[in-house]
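Asks: could you look at this predicted model? Sequence included:
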Amino acid sequence: MTEAEIARGAVVTWGWIFLVAYVILILGLGYLGYRRVEGGRAATSSQDEYATARGGFGFLALALAYAATVASGATFMSIPGMAYDVGFKAGYYALIYPIGIFGGMLLVARITKKVGDRFGSQSVPDYLGDRFQSPAIRVISAFIALFLIFYAMAQIVAAGWMFDVILNVDYSIGIWAAGLLLLVYLSAGGSHADILTDAIQGAIMIAITILIVIMFFTGWGMDGGMGAVNAALDSGMQWDSHTNPENPIFAAWWTIALLFVAHIGFTAQPHLGNKFFAIKSNRYMRRFMLAAGIVGMALPLMFLGGVLGAAQGIEITDPDAIIPTLFVQNLPPIVAAFLGIAILSAIISTADGLIIALSQVFANDLYRKSYVPYKGGDPDSDEVHQRALLISRASTVVIVVVAVIAVMTPPQYLVILLWTGIGGIISAYGGPYMVGTFWKKTSKTAALGAMAVAFAVYFYLHLAPQAGLIEGIWPYNVNPFAATGIGFVVSVVATLGFSLVTEPLPDEHLEEVFGTESRLLDDAPDTDD
């Protein structure tokens, strides 16, 4: 055996050891999530606790969980993969997207928490239905939220590549193994297990990002530091190359600007919005947002690993596999294996939140809050809650199986796959969520109209061309970020415009939402007392 084959075998061996340890960890955390006691009973014995872990976590754990959920498999594999292909230009995406996401979070997190707790909302579609006093908005939002399946599919793909590179398990088998990992603890622990594991994974991801930054700035495996890294790249990939007219994502400065615009509404994603309900109190919200923002801004520096891999001349068949391959070829086997499993855990940290959010579309938004009232039942009865909890757990299995089957053939870039779906969510939700959170006069009719118009725009610009229905307009037909940016702007403008010419909601409901008795801006001191 060659030295490289021996090292490769050692990586696989250590990888399996760390995977077993990881499975034991998540089993333990899943059990803690299942047995977590709230008011003398298992927290996950109630549908609300399973879906939201309402008020169950302090600011730091939730901040790490939120940042880890935002930094999905795209951040740790696809953005570095993009950097491997296009060089430093990928840094625009990596550094711009967290500004948009966490800026949007600053705008809506506190108010979403307050109003959601007041109405008992369990998801973003549920929150929108409560805010606008509209079952129709809840149902439409719920169906649009099903586009999250693209996001879940992207995480399964990322996990499949980790099994392939680190554990020497064929991708087609690895994606099923990843699905099984998700089901192991989600079926028992719900949001409690989700947040507990995400918090730990977020802390590990900070350490991995620091390592990648050190490797880049020292020019790991090369002589001359980061200057040597830059010099080893093709001219079109170096740090003084900013745009490429042939690349739809970085075609011009305006397409780069739309990257920022598209991400402002990202926090409306159902798997992120429901995290706000889990914080103990709005008193902790400032520190939650600060900690989440700091961690979230740092993690995308992982793109530097893709640049380093390209400079080293590493050859791979799929760009999304560059980070685990970089570890395998540059680090001792035990370290490479540990870091690979750690990244796998980060991928799972996003996937679990997505699966829970999707399960709530069926259990809460469509069944408990829509179907039951329509049939004249009581959505708050114990029987309905227990049935919704059963639907939540059963639907997680169905969603995971569907996501795995859909990605038997992996896409070129995970980030493009996941944005194909969530671009429609951001376009539809953007105006009603961002404008309706602050402006009392945002009407139900305006919210419905904006959702329809903005989604239609996104469908025309990107979804229809992707489905082969029309040729579309370049670069929107192949650039979901630019199409989403336009869709988000249309959604906000339509919400404002339609609200000016339609009747606002009744004063009694607006008082309940925006009433002075529970003001939206919490004036309580930001203390731990």
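Replies: Looks like it arrived, so ask away. Numbering: from 1, shown residues only.

Asks: how much space between the residue nearest to Glu471 when sequence neighbours are not counted and Gly430?
Replies: Spatially, and ignoring its direct neighbours in sequence, Glu471 is nearest to Pro465 (6.4 Å; C-beta to C-beta, 6 or more residues apart in numbering). From N, CA and C alone the C-beta is placed, and that goes for glycine too. Noted for Pro465: a distance of 21 Å to Gly430, by C-beta to C-beta, to the nearest Å.

Asks: those two - which one has more neighbours?
Replies: A count of neighbours by other C-beta atoms under 10 Å puts Gly430 above the other of Pro465 and Gly430, at 29 against 19.

Asks: contacts only, for the more buried one.
Replies: Shown in contact with Gly430 (C-beta atoms under 8 Å, 6 or more residues apart in numbering): Ile264, Gly265, Ala268, Ala454, Gly487, Phe488, Ser491, Val492.

Asks: could you do Gly340 as well?
Replies: Residues near Gly340 by C-beta under 8 Å, 6+ apart: Val11, Gly15, Phe18, Met162, Val165, Ile166, Pro324, Phe327, Val328.

Asks: can you add pLDDT and give the residues you listed back as a markdown table?
Replies: A markdown table is the format used below for the contacts of Gly340 (pLDDT from 0 to 100):
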| residue | pLDDT |
| --- | --- |
| Val11 | 91 |
| Gly15 | 92 |
| Phe18 | 91 |
| Met162 | 86 |
| Val165 | 86 |
| Ile166 | 89 |
| Pro324 | 90 |
| Phe327 | 93 |
| Val328 | 91 |
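
Asks: next one: Asp292 from Ala63, what distance?
Replies: That one is not Asp; residue 292 is Ala. Distance from Ala292 to Ala63, by C-beta to C-beta: 4 Å.

Asks: swap in Thr75?
Replies: As for Thr75, its distance to Ala63 is 16 Å (criterion: C-beta to C-beta).

Asks: who's more crowded, these two?
Replies: For the pair Thr75 and Ala63, the greater number of neighbours falls to Thr75 (30 against 26), based on other C-beta under 10 Å.

Asks: run through the stretch 51-200 of the chain and note the low-pLDDT ranges.
Replies: Counting by pLDDT under 70, the stretch 51-200 of the chain contains low-confidence ranges at 51-56, 185-194, 196-197.

Asks: now do the strands in it.
Replies: Using DSSP state E, counting those that start in this stretch, no strands are found in the stretch 51-200 of the chain.

Asks: got a winner among the contacts of Gly430 for most neighbours?
Replies: Ranked by neighbour count (other C-beta under 10 Å), the contacts of Gly430 have Gly487 at the top, with 33 neighbours.

Asks: spatially nearest residue to that one, not counting backbone neighbours?
Replies: Looking at Gly487 with C-beta to C-beta, 6+ apart, the closest residue is Ser427, at 2.8 Å.

Asks: can you tell me the element that neighbour falls in?
Replies: Ser427 belongs to helix 414-436 when assigned by DSSP states H and E.

Asks: what average pLDDT does that helix get?
Replies: Average pLDDT, helix 414-436: 86.

Asks: buried residues in that helix, which are they?
Replies: 414-436 (16 or more other C-beta atoms under 10 Å).

Asks: which residues touch the spatially most central residue of the chain?
Replies: When the chain is reduced to its mean C-alpha position, the nearest residue by C-alpha atoms, centre = their mean turns out to be Val70, at 4.3 Å. Contact analysis of Val70 by C-beta under 8 Å, 6+ apart lists Pro98, Ile101, Phe266, Leu272, Gly296, Thr350.

Asks: who's in contact with the first one?
Replies: When you say that, I think you mean Pro98. So Pro98 contacts Val70, His263, Gly293, Gly296, Met297, Leu299, Pro300 (C-beta under 8 Å, 6+ apart).

Asks: likewise for the last one?
Replies: Each residue near Thr350 by C-beta under 8 Å, 6+ apart is listed here: Ala68, Thr69, Val70, Ala71, Ser72, Gly73, Tyr151, Gln155, His271.

Asks: cool, and Trp239?
Replies: Contacts of Trp239 (C-beta under 8 Å, 6+ apart): Gly87, Phe88, Asn230.

Asks: which of these count as buried?
Replies: Judged by 16+ other C-beta under 10 Å, buried ones among the contacts of Trp239: Gly87, Phe88, Asn230.

Asks: and which of these is nearest Ile175?
Replies: Closest to Ile175 out of those is Gly87 (29.3 Å), distances taken as C-beta to C-beta.

Asks: for that closest one, which residues are in contact?
Replies: Taking C-beta under 8 Å, 6+ apart as the test, what Gly87 contacts is Leu233, Asp234, Gly236, Met237, Gln238, Trp239, Ser241, Val307, Ala310.

Asks: so which of the contacts of Trp239 are in helices?
Replies: Asn230 (DSSP state H).

Asks: thought Ile140 was touching Leu448?
Replies: Yes - with contact defined as C-beta atoms under 8 Å, Ile140 reaches Leu448; the gap is 7.4 Å.

Asks: anything in contact with each of those two?
Replies: With C-beta under 8 Å, 6+ apart, Ile140 and Leu448 have no common neighbours.

Asks: scan the contacts of Gly87 and report the most crowded one.
Replies: Val307 (28 neighbours).

Asks: Ala232 is in contact with that residue, correct?
Replies: No - with contact defined as C-beta under 8 Å, Val307 does not count as touching Ala232 (9.7 Å).

Asks: so where do the helices sit in the stretch 301-450 of the chain?
Replies: Applying DSSP state H, counting those that start in this stretch to the stretch 301-450 of the chain gives helices spanning 303-312, 322-330, 333-360, 372-374, 382-406, 414-436, 444-458.

Asks: reformat those helices as JSON lines; add distance to Ile79.
Replies: Formatted as JSON lines, those follow (distance: least, C-beta to C-beta, whole Å):
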{"stretch": "helix 303-312", "distance to Ile79": "5"}
{"stretch": "helix 322-330", "distance to Ile79": "10"}
{"stretch": "helix 333-360", "distance to Ile79": "13"}
{"stretch": "helix 372-374", "distance to Ile79": "42"}
{"stretch": "helix 382-406", "distance to Ile79": "21"}
{"stretch": "helix 414-436", "distance to Ile79": "6"}
{"stretch": "helix 444-458", "distance to Ile79": "22"}
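
Asks: lovely, talk soon.
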